[in-house]
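**Student:** Sequence plus predicted model, see below.
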Amino acid sequence: MIEVTGLTRRFAGTLAVDDLSFTVAPGRITGFLGPNGAGKTTTMRLILGLDRPTAGRAEVHGMPYRELDHPLTKVGALLDATAVQGGRRAEQHLRWLARSNGISAARIGGLLELVGLGDAGGRRVGAFSLGMKQRLGLAAALLGDPEVLVLDEPANGLDPEGIRWMRDLLKSLAAEGRTILVSSHLMSEMAVTADRLIVLAGGRLRADAEITELVRPGTTLEDAFMELIAGSPA
Ligand SMILES: Nc1ncnc2c1ncn2[C@@H]1O[C@H](COP(=O)(O)OP(=O)(O)OP(=O)(O)O)[C@@H](O)[C@H]1O
């Protein structure tokens, strides 16, 4: 469970996140949508304790991320898949991550298989495509077998087969009772992946609803999204 209450983050001249409140429930996929600059990444960074709010709070399992014991076993995150040391080999990267977070390395082989990198564990990450880096980032997020996943545009760079694979994986992780918050700009993909949607524009909450409430028969999620964000600052 993720709980955001009155969350606000102001940068010098920008109110990036403006008095945001929502809950992300377990057992389902919650899509996090909004135009460029809406505040999605800033909100995720605040949830993950990578930045401090100007006001309000973000809690995971009832407490701020920074207060969690062994956070990687509670929350898995994929924010920027390209932020890995290119000189490291994929398996080495996961081993380093496991060791530095006190997590068993026993899952690494299985996770590389799970994300489709079974044959690439010995290759240097610097030579990976964006899609392969996303797959590795997902393996890293799952390393501690966390109940909560926060994923910023994980489908970015994936090919059609990869997007379908990611959708099926997220659905099976949600079916296991995990809490999943996933941002995306791919409306048609979100329409078939998410159970619930949180829509931001200009740092403010525009919608927090079941997908079936937002997408009426004869309309698409793209139509609903355009209507929801209408009038937001560019
Ligand atoms: N470190 C920072 N310093 C100053 N402004 C920032 C900083 N981080 C984000 N912003 C601003 O906050 C606003 C929200 O940015 P954010 O990256 O959260 O949006 P987003 O919804 O993730 O966008 P995108 O879909 O383009 O990834 C933008 O106006 C951005 O320029």
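**Tutor:** Structure's in. What do you need?

**Student:** could you point out the longest helix in this protein?
**Tutor:** Scanning the chain for the helix with the most residues, using DSSP state H, yields helix 160-175.

**Student:** Average pLDDT for it, rounded please.
**Tutor:** The pLDDT scores in helix 160-175 average 94.

**Student:** Direction included, what does the helix or strand just after that helix pair against?
**Tutor:** Using DSSP states H and E, the next helix or strand after helix 160-175 towards the C-terminus is strand 179-183. Strand 179-183 pairs in its sheet with strand 28-33 (parallel), strand 148-152 (parallel), by DSSP bridges.

**Student:** closest to the ligand out of those strands?
**Tutor:** Of all those, strand 148-152 sits nearest to the ligand, with 7.2 Å by CB to the nearest ligand atom. In short, each C-beta sits where N, CA and C put it, glycine included.

**Student:** contacts for that closest one?
**Tutor:** The contact list for strand 148-152, computed with CB atoms under 8 Å, 6 or more residues apart in numbering, reads 1-2, 40-41, 44, 47-48, 60-61, 74-80, 138, 141-142, 170, 173, 178-183.

**Student:** let's see it at 6 Å
**Tutor:** The contact list for strand 148-152, computed with CB atoms under 6 Å, 6 or more residues apart in numbering, reads 41, 44, 47, 60, 75-79, 141, 179-183.

**Student:** closest to residue 97 among those?
**Tutor:** Nearest to residue 97, judged by CB to CB, of those is residue 141 at 10.1 Å.
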